[in-house]
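Q: Dropping the sequence and predicted coords here.
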Amino acid sequence: MRRFAAFIALLLALAPPLAAQSNTAEMLQRARRLYENLEVEQALVLLRQIISPSSPYVVSPDQRVEAFKYLGASLALQPGPAKRDSAVTYFRAAIERDPFVDLDPQSFSAAQLAAFADARNRTFAVALRPFRGDTLAPGSGQITLMALTTHRAQLRVEVRSAAAAGRVLYDGENEGLREVRWDGLLADGSLAPPGRYQIDAIGASRLLQLTDTITVYADVSHLHAPLEDTLPPLGGADLLPEQYPTSVATGNLLKGLGVAAGALLIQALLPSGTLGSGNALLSGGVAGAGVVTGFVSFQLRQHHRGIPANMAENARRRAAREAANAAIRQRNDEKLRQTRLVIAPATGGAR
Amino acid sequence: MNGRTALGRALLAGALVVVGSGRLAAQLAVEGGPLVALSEHRVGAGNGVEQSSGTLIGGEGRLLVGPHFELFLHAAGGKLSADSASADDEDLGEVLARVSVITVPWLALDAGVSSRSLTTTVARQRWSALRLGGELRLAFVGGGVTGVLRGEVLPSVTVSGLAKPSRAYAAGAGFEYQIGLFTLGLRYELERYDFPVAAGVARREQLSTITAQAGLRLGRGPAS
């Protein structure tokens, strides 16, 4: 019940503007009917009411353009240069508001078409019609942009973004409508990176000393399967030490000397006093070997600190990581090769 | 039916033996080779020190079972010549078997038995002993060299013709080198036997030996 009441309140709130617009539309329809019945004066009265600042009704931009167009067309039907000038003025007002406005040659007379052409020649505007977003497979699809100059002009249409090099889509003479296509590639042939792009149409009139620029925006995004992360670089914890610490050499020396000392101590301390100490020649042989082993090992470890087995294992781990990353990159490249570009119209400036 | 069951059991047992022996073989290593030793025997029995020395030859072998168990066998013999006037020439022959448990890579605990005969022109003396000990193994980095310090007590020794020693122990120090399949060993050992006083004489005996041994190692890599 409460919801129903809220719905009724909403309808009541929206009712006046809707009614006002429908009144304007109704007036426009009546004016067009009068014009088609050649009741031009009565049509003019209605059309002037629509464009009047004191009109009590809301007039949308399209309705205003339509009113100006029919005002021009009505006045162009009336004799006299003053009426024709007024017709041109109203046509220009329509063109300035919507450069895409046009007269159907099947529905309007030659005099009206001539006055409209005159208005176009005196008014310079460049326009880009909002495009339809699309999803493109690179190298095959295109989006179509409708560009327009109201009369003969030098026209340049280019797409660019803050992050990527742009691309000129058209640069040449133009009069009237022109289809400009973009396949989603940049000047260097690469796929447009994701981001916001602006498409500029810049015109320089060949009849008037005027230039005009219009910009529309497009959001580009990439559509592909999720990419895999490559393996992080191997850290200290992932690798084995490749060199013995310097303390190892000292440790080897001490071990050698320790065994040598052990042999001498056994010979000196273990025997019974009545038998005399052991044969020093025998223990000395091992003690000498211990000293030599300790010093040779010390020297070897001082000058050859590398640990070949660990180096080989680390090389194997690095190679395994590289191989894994190469495979991941290959899979990612394959996914990126199948990337589809999503180009959608956007409002506002560059992000 | 019973015959089939028995056959199946036999096949299963055979398969287990084959699989088990394959696994065991992967855990085994054998090393061994000849040895040459220089020994000195001293005896103090109230008549001064009787001293004899000589060269022994023989062989040693070691069976390594996994990383924790070892079986060590030693046999050597030779002639010791008298170095003192009161000593006699004697023939020495000995065998030793020892089982070791490697608790950590640097420490082995072992138990073994040994038998030795000392033969002179007039008599033969037989020694047998139970040996309990431990061995400190100091691996030099790289694993090619191991320093060894060992100590043993001989809690039960019998000597023919003599009372049991009241105290007997042994100690040694040495090195083991491994170069590829080849092993080299050098060690010094001393055994001391203190006999109880008899007729006012405290008999002492001591055998010290330096042994050089060379051999081959087959099987899994060196114990870590």
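A: Received it, and whenever you're ready, just let me know what you need.
Q: what about chain B, any weak spots by pLDDT?
A: In the predicted model, chain B carries pLDDT under 70 at residues B:1-25, B:141, B:220-224.
Q: Do a quick rundown of the helices in it.
A: Under the criterion DSSP state H, chain B carries helices at the ranges B:2-27.
Q: near chain A, which residues of it show up?
A: With Cβ under 8 Å from any Cβ of the partner chain as the criterion, chain B meets chain A at residues B:38, B:40, B:42-44, B:49, B:53, B:138, B:140-141, B:145, B:147-149, B:169, B:171-175, B:186-188, B:190, B:192, B:194, B:202, B:204, B:206, B:208-210. Yep, even glycine has a C-beta here, placed from its N, CA and C like the rest.
Q: Pull out the buried residues from those residues.
A: B:38, B:40, B:42-44, B:49, B:53, B:138, B:140-141, B:145, B:147-149, B:169, B:171-175, B:186-188, B:190, B:192, B:194, B:204, B:206, B:208-210 (16 or more other Cβ atoms under 10 Å in any protein chain shown).
Q: who are the neighbours in contact with the residue sitting nearest the centre point of chain A?
A: Centroid-nearest residue in chain A, with Cα atoms, centre = their mean: residue A:195, separated by 1.7 Å. Taking Cβ atoms under 8 Å, 6 or more residues apart in numbering or on different chains, we find residue A:195 in contact with A:161, A:162, A:163, A:164, A:219, A:220, A:351.
Q: Which of these fall within strands?
A: With strands taken from DSSP state E, the overlap with these comprises A:219, A:220.
Q: Give me the buried subset of the contacts of residue A:195.
A: When neighbours are counted using 16+ other Cβ under 10 Å, the contacts of residue A:195 contain these buried positions: A:161, A:164, A:219, A:220.
Q: And the residues you listed, which is closest to chain B?
A: residue A:164 (56.9 Å; Cβ to the nearest Cβ).
Q: What is the burial count for whichever residue of the stretch 101-250 of chain A sits closest to chain B?
A: Residue nearest to chain B within the stretch 101-250 of chain A: residue A:248 (4.9 Å; Cβ to the nearest Cβ). Counted with other Cβ atoms under 10 Å in any protein chain shown, the neighbours of residue A:248 add up to 19.
Q: Please tell me I have it right and it contacts residue A:304.
A: No. Using Cβ atoms under 8 Å, residue A:248 is not in contact with residue A:304; the gap is 11.1 Å.
Q: would you list every one of the helices in chain A?
A: Secondary structure of chain A (DSSP H): helices at A:2-36, A:40-51, A:61-76, A:81-97, A:110-122, A:246-269, A:280-303, A:308-337.
Q: Single out the most deeply packed of those.
A: helix A:61-76 (a mean of 22; mean count of other Cβ atoms under 10 Å in any protein chain shown).
Q: strands paired with the longest strand along chain B, and their directions?
A: Longest strand of chain B, by residue count under DSSP E: strand B:201-219. In the sheet, strand B:201-219 lines up against strand B:28-44 (antiparallel), strand B:182-198 (antiparallel) (DSSP bridges).
Q: next one: that strand to chain centre, how far?
A: Counting by Cα atoms, centre = their mean, to the nearest Å, strand B:201-219 is centred 7 Å from the centre of its parent chain.
Q: ok, now stretch A:137-157?
A: For stretch A:137-157, the separation from the chain centroid amounts to 19 Å (computed by Cα atoms, centre = their mean).
Q: and if you look at stretch A:164-181?
A: With Cα atoms, centre = their mean, you get 20 Å for stretch A:164-181.
Q: How about residues contacting that stretch?
A: For stretch A:164-181, contacts defined as Cβ under 8 Å, 6+ apart pick out A:100, A:142-149, A:151-160, A:182, A:185-188, A:192-193, A:195, A:199, A:203, A:206.
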